[in-house]
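Engineer: Model the following, please.
(2 chains)
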Amino acid sequence: MKKNSWFVTIATTLGFAFLYIPIISLIIFSFNKSKLVTVWAGFSTKWYAKLLNDPQILGAAWISLKIAFLSASLALILGTLGALVLVRFRRFHGKSLLSGMITAPLVMPDVIIGLSLLLLFVGMEAMFGWPAGRGLTTIVIAHTTFCMAYVAVVVQSRLVDMDESLEEAALDLGAKPTRVFFDITLPVIAPALVSGWLLSFTLSLDDLVIASFVSGPGASTLPMVIFSKVRLGVSPDINALATIIIVVVAIGVVIASTQMKPKKVS
Amino acid sequence: MSKTNGISIGRRIFNRIGTYGRSLVIGVPLWWLIIFFLIPFAVVFKISFAESLIARPPYSKLLEWKDGLMVLKLHLSNYGYLIDDDLYILAYWSSIKVAFFSTLIALLIAYPMAYYIARTTERRRGVLLMLIILPFWTSFLLRVYAWIGILKTNGIINNVLMSLGITSEPIVMMQTNFAVYVGIVYTYLPFMILPLFTNLVKLDNSLLEASADLGASPITTFFKVTLPLSMPGMIAGSMLVFIPVVGEFVIPALLGGPDTLMIGKVLWNEFFSNRDWPVASAVAIVMLVLLIVPIVLMRNAQQASAGASS
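Structural biologist: Predicted coordinates:
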């Protein structure tokens, strides 16, 4: 371990300042009395009260939470299956296709995913009559598709690190593959499953572009409502909303990192 | 893969679960992606050859029955339109330019940070990594929104500058390309830091010591040893920034001005404002073609790093 030079230390400090100044400013001005977001006029929590009485925001938040829960859970199942198959099975039909497709949504621009899925849904509706119209279902399908990529990557790296002799021993003792999976593989990869699910949940909660394409009337997600408000200008109740999200996330991340540290399952 | 008795665990499970179980385990994720990821691209490709109509859905059919014959009607006009109208070529060019320079700036900012985190004490490393990941978990839209309050004419930067007497007039930063660069570098920085960190943390210290023992200065060591060895991390991070930034919509829409041309915004407007689905599809297809090279580069870098770690 060599000491970092002063140049690297200063650059890192500035980098962290760059990452955190916007977040800190969001939080500070959410407690501002004035409607002008950037001029301090005294402490107030009135924007929080306003936020909690805004039916449009609350309704959209509820829709977004439902979508995020469903997509994260579906993505967890599909992404874990994909990762298991890719890591554990040597060769099968479509392996290179699967491995190519599973990570591609990670980098694919949102506008392309959104447009292509919308055109698919419109085409499917014309051909099979399903999905009838667009809304919650279509958003969940779209979010599942890009979230499963994240789950697959997280689970894959955990599976690669996993000691296979445990599964080996269970098989030798005559356990069925499903039993091996539920009694051994699953508990070992559980931390990866938790972080994969949480990651999917936040990504779904955060998505504006894809949801805008595949959503229909009556299914406005929280980012869609925020975006239309923000386009009209800054408003302190959005700062209040941001502060609530940041605090919840920060608590979650701190708890997760302290919970996962002590027991290092190899 | 461990092989206690010559057969990998995967093979053994593979053999035991039977054809039905196998096709179920493999088929579910595979078919989901074929239906909801692969086929949609084919649909976009198809519709990029259709004609825009005022109908539901607003495009023409490619295959039609005429006098008992099946007629295939391909309209190349959408692509012709992209070439004829300067707007599109300029938008592609400026998207690639913005993506290139923001990737470069992000790399310059991220490198010392990743380097510092990789070489600091274990305890501090955990905290710093958490601080890098934390913003990534909070709403992307709201973090972009935060910059509006900082950059606008009566925003935080101008208030500070004017109260210190550095400028008398507010500097216009919002709705400029400068704001777009700030927003992009800010949001995509963690994507650059994390792969760089993963790469730098694996760097063998004995190589650096050997280089120093042979009389190389720290700067020579950095450029001759550390930098070349961190190439896979740099490529992976750069692609994770470059590819999505080319199609970025939210940042130019919120922080950029009317003259900020980016192809993601053009596609959005084609679709939502002009309701011209075929042209929007053609825009998407050309964007995909432009992105194929960086996507292949990224896959190779990923495979190289996966091969090196196992």
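
Engineer: what ranges of the stretch 151-266 of chain A fall below the confidence cut-off?
Structural biologist: A:259-266 (pLDDT under 70).

Engineer: 80 instead, please
Structural biologist: A:163, A:218, A:233-235, A:253-266 (pLDDT under 80).

Engineer: and the residue in it positioned nearest to chain B, how many neighbours does it have?
Structural biologist: In the stretch 151-266 of chain A, the residue that lies nearest chain B is A:Ala242 (4.1 Å; Cβ to the nearest Cβ). C-beta here means a position set from N, CA and C on the backbone, and glycine is covered the same way. Here the count is done by other Cβ atoms under 10 Å in any protein chain shown, and A:Ala242 has 24 residues near it.

Engineer: Same question for the one 3 residues further on.
Structural biologist: Other residues within reach of A:Ile245, judged by other Cβ under 10 Å, total 20.

Engineer: Give me the neighbour count for residue 18.
Structural biologist: By default, I'm working from chain A. A total of 15 residues lie near A:Phe18 under the criterion other Cβ under 10 Å.

Engineer: let's do chain B instead
Structural biologist: 11.

Engineer: cool, the one 4 residues further on as well?
Structural biologist: By the measure other Cβ under 10 Å, the count of residues near B:Arg22 is 17.

Engineer: Secondary structure of the residue of the stretch 151-266 of chain A closest to chain B: a helix, I assume?
Structural biologist: Yes - counting by DSSP: H, G, I helix; E, B strand; the rest coil, A:Ala242 is part of a helix.

Engineer: Not counting residues beside it along the chain, what's closest to it?
Structural biologist: Take A:Ala242 and drop its neighbours on the chain: the residue closest to it by Cβ to Cβ, 6 or more residues apart in numbering or on different chains is B:Leu142, 4.1 Å away.

Engineer: Return the residues in contact with the one you found.
Structural biologist: Counting by Cβ atoms under 8 Å, 6 or more residues apart in numbering or on different chains, B:Leu142 touches A:26, A:226, A:238, A:241-242, A:245.

Engineer: and the helix or strand hosting it, C-alpha only, in PDB?
Structural biologist: Applying DSSP states H and E as the criterion places B:Leu142 in helix B:140-151. Extracted as PDB, the C-alpha positions of helix B:140-151 are listed here (Å, rounded to 0.1, in the frame of the first residue of the first chain):
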ATOM      1  CA  PHE B 140     -31.400  10.400 -12.000                       C
ATOM      2  CA  LEU B 141     -34.100  12.800 -13.100                       C
ATOM      3  CA  LEU B 142     -33.900  14.700  -9.800                       C
ATOM      4  CA  ARG B 143     -30.100  14.900  -9.900                       C
ATOM      5  CA  VAL B 144     -30.300  16.500 -13.300                       C
ATOM      6  CA  TYR B 145     -32.900  18.800 -12.000                       C
ATOM      7  CA  ALA B 146     -30.500  19.900  -9.200                       C
ATOM      8  CA  TRP B 147     -28.300  21.400 -11.800                       C
ATOM      9  CA  ILE B 148     -31.000  23.700 -13.000                       C
ATOM     10  CA  GLY B 149     -31.000  25.400  -9.600                       C
ATOM     11  CA  ILE B 150     -27.200  25.600  -9.700                       C
ATOM     12  CA  LEU B 151     -26.700  26.800 -13.200                       C
END
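
Engineer: If anything else comes up later, I'll come back, but that's it for now.
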